[in-house]
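# quick one, what's the 3D model for this:
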Amino acid sequence: MKIKGFELVNEDKVDRVINGTIGKGGILVGGLGADAPEELILAHYDKFGGFIRKNGQKVQNGSFWDLKLKKPKEKAEIKYLFRDVKGKEVVVPDGEEVPIEVKAAQIAKKENKKK
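Numbers count the residues shown, from 1 in each chain. Below you'll find the predicted structure:
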């Protein structure tokens, strides 16, 4: 499912957000409904730890859901996850320059795929 340019990869978690989960007696509980605002669906999907991508790049969990306050963030704080040449995870806030070590790792990965 795509929402506002973000790809929600795990369909099971999308279904839980929209339709809820099966509770006692086999009744669905807790779903937001298909007509819920997209921002709310995205935030609750993030709350469940769902895998989110934008333009093929992984988005860090907690970008839309405030884990401390246990509610959707007033304004999303998009952060992307990358790996550098040593395999270390690097977090880059939206709009900031990707470090050269990450770019080098991406180039190396493309070269290895060609071989």
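
# quick check: phi and psi at residue 37.
phi -60, psi 140 (degrees, to the nearest 10).

# then residue 69?
With angles defined as degrees, to the nearest 10, residue 69 sits at phi -90, psi -10.

# so how many other residues sit close to it?
When counting by other CB atoms under 10 Å, one arrives at 9 neighbours for residue 69. C-beta coordinates here come from the backbone N, C-alpha and C atoms, glycine included.

# and if you look at residue 79?
Residue 79: 16 neighbours (other CB under 10 Å).

# pull up the gap between it and residue 67, please.
With the distance defined as CB to CB, to the nearest Å, residue 79 ends up 13 Å from residue 67.

# for residue 13, which non-adjacent residue is spatially closest?
Nearest residue to residue 13 in three dimensions, chain neighbours excluded: residue 50, at 4.2 Å (CB to CB, 6 or more residues apart in numbering).
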